[in-house]
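Engineer: sequence first, predicted model second:
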Amino acid sequence: MKGTDGKNLLSPKKGQAISCDPEQARPAGRRLLLLWAIIRIPVLILALYLMRYAILLKLEQLFDLGRPTLFVIDLLGTLLVRVVYCLALAALLSLCFSTMRRYGPLTAYLSTLCLTIVLVTLSFYLTGTTKWLGLPAVVIVATNLLPVAFLTPIVRFKRIWGGFMGLGVGIVEVLFLGHYMDWLASRTGSTRKIRWLASSIVPTVASLFLAAGSAAALLGAPALVPLEQALRMPGEVRILARGDFNLLDIDPTGRYLYATGHGLDRLRRYDVEDWSSQPLKSDVSTGGAQGFAYDPAASELYVLNLKSKRLIYIDATTLKFKRSIPVPELSPGDPWVVVERNSDTITIASEVDLRTGSPLIVLNRTTGAAHDLRVEEVGNLLVHPTRSLLYFSFFRRNTGIMLYDIQKRAITRQVPTKERMDRMAIWKRSNELLITAPLDSRIIRFNADTLEPKGEIDSIFGVRVIAVDNLRNLLLCGSLATGKVAVVDLNSGHQKGSYYLGPWLRTIVLNEKNGTAYVSSNGALYEIQYVGTNGVITSRH
């Protein structure tokens, strides 16, 4: 097919770029346009990062963030397998295009597009991923490799096309990369390098990598997790059980590990000295409860069944049902439950999916009578190790940290913090409260008595769950996003090692005597031997 200048618009020598010849811009305008082209994507990324708290708050008000959050966690938690898949798919598509372009751009276009459809559909089928999620990859290939002749009628409307190229930030780079580079070269009078790149195979290969990357990002995680673990999980980590686990606790002897979770209908007790034996299960359903409280002195476990709105008392030795009390006043939402022995109280805090009822209730453990009902929408609870005090952190709607005196039934300390503070732990030797800041990837330190700020500790990306080894002054940090656990020396603040486990880590409990950590996730229960038999911290990065 011939253009007005007599050149073949389908010629492979011109690649997939569209050559426009608009009126030349003035030198100052050219420089501004080139600057805009260079900085617009970095500026967009920076703006999104700086506004992340406000964006998350607004999105949470408008939408359910459960699925997007799960997507990000699945993506980052299986990153290596996705990268390998992306490279392999992009290489195959690039090989197909470069081989077939000798027969003409249209042949190369159709053959590469068909191969994309076949490979993406097959990979999504094998991983059990919804097929329509592969559509973005197909669209990226379809638009970027589209021969010049098919876009010529649109390009004739120079103002519309130019406005789209200039203002479609993030869209034109993905869907029309080669055409955008050619437009930029023509508008800025630029430069042989830009013109050469626009007319070469480079934009085509880059667009194929974009397509492969979109397919890799949208693959279902369940089929990828075992592959990721085979590639990245070190020898110090082993999978103890598969399932959807949440809260864990360990008895004072270190022999028995208690577990519950959304995927477990009954509370379980594992014998950590004999993992070949079946776990003991409670004889009463917990309704897939998120958490529970454990009182070693009373040898009791307390778990709230959301379906029945009853707090269940379970014998910690036999896991037999003892009794239950109604808690109808509690706001709907996943609850946190803690027991405080000195005051003989059980405190329940709801994550408040709906703003009805009481978000926080303090009960007498023995009688079940309500001592206090409060409106604080607490994100997490922590009991002081020796005193009748509770620490409140806030992740969703409120900010700050509160110190609640159970005996006085009053908030005695309160300090402001950034948004979305999460799990807490006590560093006994320094008498500090440590709290995670997932969006900043840091641990914030406070005096445990006064809540006076004591500084910060660098941590791993997306840190959420923590546990302190007070025997060795070590902090174990688990990332919700990346599936890694890091060991940090609290004295120096330096990371001593890290281990890949799997996506969506939820709880870490320690057997400090032998340097073993137990970690729950939505897919498995893990064990980490973070201290070797010679007393040296194991190190994997």
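Structural biologist: Thanks, I have it.
Engineer: which residue is the nearest non-sequential neighbour of D265?
Structural biologist: Setting aside the residues directly before and after it, D265 is nearest to S285 in space (Cβ to Cβ, 6 or more residues apart in numbering), at 5.3 Å. The way it works is simple: take the backbone N, C-alpha and C, and place the C-beta from them, glycine included.
Engineer: and that neighbour, what pLDDT?
Structural biologist: What the model reports as pLDDT for S285 is 94.
Engineer: give the contact list for it.
Structural biologist: Going by Cβ atoms under 8 Å, 6 or more residues apart in numbering, S285 touches D265, R266, N305.
Engineer: what would these look like in TSV with pLDDT?
Structural biologist: Converted to TSV, those look like this (pLDDT from 0 to 100):
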residue	pLDDT
D265	93
R266	95
N305	93
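Engineer: for K496, state which of the residues you listed is nearest.
Structural biologist: For those, the minimum distance to K496 (Cβ to Cβ) is 37.2 Å, reached by R266.
Engineer: for that closest one, phi and psi?
Structural biologist: phi -130, psi 150 (degrees, to the nearest 10).
Engineer: same check, this time on the one 3 residues further on
Structural biologist: Reported as degrees, to the nearest 10, the phi and psi values for R269 are phi -130, psi 120.
Engineer: any idea what it is bridged to?
Structural biologist: Y258, L280 (DSSP bridges).
Engineer: wait, isn't it in contact with Q278?
Structural biologist: No: shown here, R269 and Q278 do not form a contact pair, counting by Cβ atoms under 8 Å, at 10.5 Å.
Engineer: among these two, which residue is more densely surrounded?
Structural biologist: Set R269 next to Q278 and count neighbours by other Cβ atoms under 10 Å: R269 wins out with 20 against 9.
Engineer: enumerate every residue touching that one.
Structural biologist: Contacts of R269 (Cβ under 8 Å, 6+ apart): Y256, L257, Y258, A259, P279, L280, K281, A316, L319.
Engineer: select only the buried ones of those in PyMOL?
Structural biologist: To isolate the buried members of those in PyMOL, using 16 or more other Cβ atoms under 10 Å:
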select buried, resi 256+257+258+259+279+280+316+319
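Engineer: identify, from the contacts of R269, the entry nearest to G462.
Structural biologist: A259 (23.1 Å).
Engineer: find the nearest non-adjacent residue to that closest one, please.
Structural biologist: Nearest non-adjacent residue to A259 (Cβ to Cβ, 6+ apart): R268, at 4.9 Å.
Engineer: measure the one you found to K281 for me?
Structural biologist: R268 is 6 Å from K281, where distance means Cβ to Cβ, to the nearest Å.
Engineer: try K320
Structural biologist: K320 is 11 Å from K281, by Cβ to Cβ.
Engineer: would you say S98 is within a helix?
Structural biologist: Yes: counting by DSSP: H, G, I helix; E, B strand; the rest coil, S98 falls inside a helix.
Engineer: with adjacent residues omitted, what lies nearest to it?
Structural biologist: That would be I201: by Cβ to Cβ, 6+ apart, it lies 6.7 Å from S98.
Engineer: okay, that neighbour: pLDDT?
Structural biologist: For I201, the model assigns a pLDDT of 75.
Engineer: now K13
Structural biologist: On the pLDDT scale, K13 gets 45.
Engineer: now do G497
Structural biologist: G497 is given a pLDDT of 89.
Engineer: what about it, how many residues nearby?
Structural biologist: 18.
Engineer: report the secondary structure state of it.
Structural biologist: strand.
Engineer: show me the beta-bridge partners of it.
Structural biologist: V487.
Engineer: with R159 as the reference, measure out to it.
Structural biologist: On the measure of Cβ to Cβ, G497 and R159 end up 59 Å apart.
Engineer: the strands in the stretch 151-300 of the chain, which residues?
Structural biologist: Secondary structure of the stretch 151-300 of the chain, counting by DSSP state E, counting those that start in this stretch: strands at 237-242, 248-250, 256-259, 268-271, 280-281, 293-295, 300-305.
Engineer: what separation do you get for the closest residue to A316 other than its chain neighbours and Y500?
Structural biologist: In space, and not counting its chain neighbours, A316 is closest to S299: 4.4 Å by Cβ to Cβ, 6+ apart. From S299 across to Y500, the span is 36 Å (Cβ to Cβ).
Engineer: quick check: phi and psi on the residue nearest to R374 when sequence neighbours are not counted?
Structural biologist: Closest residue to R374 apart from its sequence neighbours, by Cβ to Cβ, 6+ apart: L360 at 4.3 Å. Reported as degrees, to the nearest 10, the phi and psi values for L360 are phi -140, psi 130.
Engineer: residues contacting L360?
Structural biologist: Contacts of L360 (Cβ under 8 Å, 6+ apart): T347, I348, A349, S350, D372, L373, R374, V375, E376, E377, V378.
Engineer: let me see the mean pLDDT of the host helix or strand of the second one.
Structural biologist: Assigned by DSSP states H and E, I348 belongs to strand 345-350. Strand 345-350 shows a mean pLDDT of 93 in the predicted model.
Engineer: just after that strand, pick out the following helix or strand.
Structural biologist: Counting by DSSP H and E, what follows strand 345-350 is strand 360-364.
Engineer: low-confidence stretches in the chain?
Structural biologist: For the chain, the stretches flagged by pLDDT under 70 are 1-31, 33-38, 53, 56-66, 149, 152-158, 186-200, 533-541.
Engineer: can you do 80?
Structural biologist: 1-41, 43-45, 48-70, 148-171, 173, 178-202, 352-356, 396-397, 532-541 (pLDDT under 80).
Engineer: now the helices for it?
Structural biologist: Here the chain has its helices, by DSSP state H, at 27-50, 52-62, 66-77, 79-100, 105-126, 135-144, 148-155, 158-167, 172-175, 177-188, 192-199, 202-218, 225-232.
Engineer: before we move on, back to that, give me the number of residues near the residue nearest to A259?
Structural biologist: Neighbours of R268 (other Cβ under 10 Å): 22.
Engineer: my read: it touches T260, true?
Structural biologist: Yes: counting by Cβ under 8 Å, R268 touches T260, with 7.2 Å between them.
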